[in-house]
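Visitor: When you get a sec, could you give me coordinates for this:
(chains A and B)
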Amino acid sequence: MCACLPGAREYRRSVRKNQALNDHFHWFLDFLHHVHGITEMFGRSLVLSFIKPFYLRDTIEQMYHIGVKSLSIVLMTSIFTGLVLALQFGHEMSVYGAKMYTSSVLIVSLVRELGPVIISLVVAGRVGAGITAELGSMAVTEQIDAMRALGTNPYKKLAATRFLALSIMLPLLVAIGDFCGMLGGWIVSVTTLGISTDYYWSNAIHYLFFSDIFAGLLKPFIFAMAIASISCYHGFSVTGGTKGVGEATTRSVVVSSILIFILDFLITKVTLGAV
Amino acid sequence: MENYKIIFQDIYKSFGDKAVLQGLNLSIRRGETLVILGRSGCGKSVSLKILLGLLYPDRGKVYLDGEEITGMSEKKLVEVRKKIGMLFQGSALFDSLTVGENVAFALAEHSNRTADEIAEIVDNNLKFVEMEGTVNLMPSELSGGMKKRVALARAMAYQPEILLYDEPTTGLDPITATTINALIRKTQREYGVTSIVVTHELDSGFSVADRAAVMESGRILEIGTIAEIKGSTNEFVRTFIAGAK
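Guide: Okay, the predicted model is just below:
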C-alpha cells in the first residue's frame, strides 16, 4: 500500500540517489573535514602563542628537540645536496663553456629553492612524525583528557609551544643548511671543477640578492607553521589505539610533504612576481 | 535540589550513529559515594566526561552545586574542573614527567604556591596513597596498581570537592584491587568528598558504595542502597548481579 502512495517511488529514488552521492563524495567530505581541522589548529596555535601563560620552558625544550636534535641530519643532507648540485651543474655547464658560473647558479638555487624545500621535507619527516606520534599516544592513553581535567589547555601547552618552536627553528636550520650546501658546492668546485676559492665565494656573493635570502627564509617560516599545524591536528585527532597512531603519523608526513610543494610553488610565484 | 551536589538531567549523547546516553537522569548527594554499575560500553565513562566538560551532551543539562555547567565556555569550565578530580581508567599519568611532577602538575599550573609548598603537598599526597619515596620515578617504572595510586594522589592535589573514578580496579589483581578500594573509602572518610565510581566489577563497587545505580543502554535502570539493588525486581539488574557472581 505504501508503495502506491503518490510520490513514494520518487522519494525512494531520491533517497537512493542521495546515498550514492554521499558514498561518492565521502572522500571529498573527509578532505574538507581535515582541511577545516588543520586550519582551525593553525588559527588556534597562532593566537595561543601570544596569550598568557607563556610556557617558556616547554617552548625552549621543544626548540632543542626540533632544532638542535635535527642538526646532524640537516647538515648531512645539505652538504651532500651541495656536492651533488655542484657536480651536476659543473658537468652540464662545462658543455656550454659556462663552468665558471656554476657557483652563482648553485648558490641561488640552493638558497631560494632546494635548501628550504629539502630541509623542510626532512624536518617534516623527523619532527612532524614525532609530534603526531607523541600527541597521538597521549590522546589514546587519555593524557590529553587528563590535562584538560587538571584545568590546563592542551592546545596551549602542547600545540602552541611546538608551533612556536618549529616556526623559530626551521628558518635557522635552513640558514645553517644553506651554508653547509654552499660548503659542499665549494669542495666540488675547488677539487673537481678547477674553480678557485676566491672566485667561488666572490661570485656567490655577487649574484646572491637580498630578495633571494628573504624568499629563502620566508619559505621555511611558512612551511614550519604548516608542518606544526598538520602534525598537531593529526596527533590530537587520533582514535583507534596504536594502529590509529601509526596511521595518523603516516598521514601527517604525507600531507605535510604535499603541502610543502604546493606552498613552495605559491610563495615562489608571489616572491618572483614581487621582484 | 540543595541536597544534591551533582544532577544529570535528561542527558542524550551520540557518537555518529551510536546512541550512548539516552535520557540519563541521576542525582548524587553531597558527600556520598555513588557507584554506577553496568556493562562495558553502556555509557558510564561518557557520563563522567560530560560532568568534567570533556564531552558535550547533545541534549540535557548537568548541574553542579545548583549551577548549570553544560554549555559553559572552556575558560569557565577550568574553574569547575578545579572542584573535580578524576582517576582515569588507564591512570593517564603524563609519561614524560616524573611521579612528583605528575602530582604537582595542577598546583604548578594554577596556584601561586612556592616550590617548597608544592613539594610538601606532593609528599603528603604520596604518603596518603602509600607511595612515599617514588617522587623521582617515571610512570613507566610503576606497576598498574602503583600508577592508579599516583593518579589518585594527582587527582587529590587540588583538594577537589568531587572525585570521579573510572574503572579504578579493572585489570588489577585482587589484593591490589582491595588496596585501591580501601583508598577510595579512606579518601571519602578523611576528606568528605563526593565520589562517583563507575565499574563493571560488582564486588569492588559494593565494597565502596553508599548507594549504587545500575546503568544499561545509556540510562539508569535502578538506584538505591546495596540491599535495594540486590533485591531489585528489574530483570536486567537481576541478570547483571547473577552474571557478575
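Visitor: Look up how far residue B:106 lies from the spatially most central residue of chain B.
Guide: Taking C-alpha atoms, centre = their mean as the criterion, residue B:164 is the residue nearest the geometric centre of chain B, at 1.6 Å. Plainly put, residue B:164 is 15 Å away from residue B:106 if you go by C-beta to C-beta, to the nearest Å. From N, CA and C alone the C-beta is placed, and that goes for glycine too.
Visitor: Close to chain B: what parts of the stretch 101-250 of chain A are there?
Guide: Within the stretch 101-250 of chain A, the positions near chain B by C-beta under 8 Å from any C-beta of the partner chain are A:138, A:141-143, A:145-153.
Visitor: do that again at 10 Å, thanks
Guide: Applying C-beta under 10 Å from any C-beta of the partner chain, we find that the stretch 101-250 of chain A lies next to chain B at A:134, A:137-138, A:140-153, A:155, A:157.
Visitor: if we can go back for a sec, and the residue nearest to the centre of chain B, that one's in a helix?
Guide: No. Assessed with DSSP: H, G, I helix; E, B strand; the rest coil, residue B:164 is strand; it does not lie in a helix.
Visitor: I'd guessed residue B:111 sits against residue A:150; true?
Guide: No. Counting by C-beta atoms under 10 Å, residue B:111 does not reach residue A:150; the two are 11.8 Å apart.
Visitor: What about the residue in chain B positioned nearest to chain A, how many residues nearby?
Guide: Chain A sits closest to residue B:92 of chain B, with a gap of 3.9 Å, by C-beta to the nearest C-beta. Neighbour count of residue B:92, defined by other C-beta atoms under 10 Å in any protein chain shown: 25.
Visitor: List phi and psi for it.
Guide: Dihedral pair for residue B:92: phi 50, psi 40, per degrees, to the nearest 10.
Visitor: So for residue A:204, what's the nearest residue that isn't a sequence neighbour?
Guide: residue A:107 (4.3 Å; C-beta to C-beta, 6 or more residues apart in numbering or on different chains).
Visitor: where does that neighbour land on pLDDT?
Guide: pLDDT recorded at residue A:107 is 91.
Visitor: In the chain, where is pLDDT below threshold?
Guide: This is for chain A. A:1-8, A:11, A:20-21, A:23, A:274-275 (pLDDT under 70).
Visitor: not what I meant, chain B
Guide: Filtered on pLDDT under 70, chain B yields the residue ranges B:1-2, B:244-245.
Visitor: residue ranges of the strands in it, please?
Guide: With DSSP state E as the definition, chain B shows strands at residue ranges B:4-15, B:18-29, B:33-38, B:59-64, B:67-68, B:84-87, B:162-166, B:194-199, B:211-216, B:219-224.
Visitor: Quick one: closest of the ones you listed to residue A:103.
Guide: strand B:4-15 (60.4 Å; C-beta to C-beta).
Visitor: Now do the same contact list for residue A:188.
Guide: Neighbour list for residue A:188: A:82-90, A:102, A:106, A:195, A:200 [criterion: C-beta atoms under 10 Å, 6 or more residues apart in numbering or on different chains].
Visitor: meant to ask about residue B:222
Guide: By C-beta under 10 Å, 6+ apart, the contact set of residue B:222 is B:37, B:212-216, B:228-229, B:232-234, B:236-238, B:240.
Visitor: What subset of those is buried?
Guide: B:37, B:212, B:213, B:214, B:215, B:216, B:229, B:232, B:236, B:237, B:240 (16 or more other C-beta atoms under 10 Å in any protein chain shown).
Visitor: Output the residues you listed in CSV, with distance to residue B:178 appended to each entry.
Guide: What follows is the buried ones among the contacts of residue B:222, written out as CSV (distance: C-beta to C-beta, whole Å):
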residue, distance to residue B:178
B:37, 18
B:212, 18
B:213, 23
B:214, 23
B:215, 24
B:216, 27
B:229, 21
B:232, 26
B:236, 28
B:237, 25
B:240, 22
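Visitor: who does the host helix or strand of residue A:148 touch, helix- and strand-wise?
Guide: Assessed by DSSP states H and E, residue A:148 sits inside helix A:143-149. Under the contact definition 3 or more C-beta pairs under 10 Å, 6 or more residues apart in numbering or on different chains; DSSP states H and E, helix A:143-149 sits against helix A:129-140, helix A:154, helix B:44-52, helix B:74-81, strand B:84-87, helix B:99-110, helix B:144-156.
Visitor: buried ones in the longest one?
Guide: Pointing back at helix B:144-156 there. Counting neighbours by 16+ other C-beta under 10 Å, helix B:144-156 gives B:145, B:146, B:147, B:148, B:149, B:150, B:151, B:152, B:153, B:154, B:155, B:156 as buried.
Visitor: Now do residue A:159 against residue B:241, distance only.
Guide: For residue A:159, the distance to residue B:241 - C-beta to C-beta - is 46 Å.
Visitor: Show me which of the two is the more surrounded one.
Guide: Under the criterion of other C-beta under 10 Å, the comparison of residue A:159 against residue B:241 puts residue A:159 first, with 26 against 18.
Visitor: before we move on, the earlier item: let me have the strands of chain B in JSON lines, extended by distance to residue A:269.
Guide: Below are the strands of chain B laid out as JSON lines (distance: least, C-beta to C-beta, whole Å):
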{"stretch": "strand B:4-15", "distance to residue A:269": "43"}
{"stretch": "strand B:18-29", "distance to residue A:269": "47"}
{"stretch": "strand B:33-38", "distance to residue A:269": "59"}
{"stretch": "strand B:59-64", "distance to residue A:269": "50"}
{"stretch": "strand B:67-68", "distance to residue A:269": "53"}
{"stretch": "strand B:84-87", "distance to residue A:269": "51"}
{"stretch": "strand B:162-166", "distance to residue A:269": "53"}
{"stretch": "strand B:194-199", "distance to residue A:269": "57"}
{"stretch": "strand B:211-216", "distance to residue A:269": "59"}
{"stretch": "strand B:219-224", "distance to residue A:269": "59"}
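Visitor: Out of these, which is the most enclosed?
Guide: Of the strands of chain B, the one with the most neighbours on average (mean count of other C-beta atoms under 10 Å in any protein chain shown) is strand B:84-87, at a mean of 28.
Visitor: need the contact list for residue B:94.
Guide: Residue B:94 touches A:138, A:141, A:143, A:144, A:146, A:147, A:150, B:101, B:102, B:105, B:139, B:154, counting by C-beta under 10 Å, 6+ apart.
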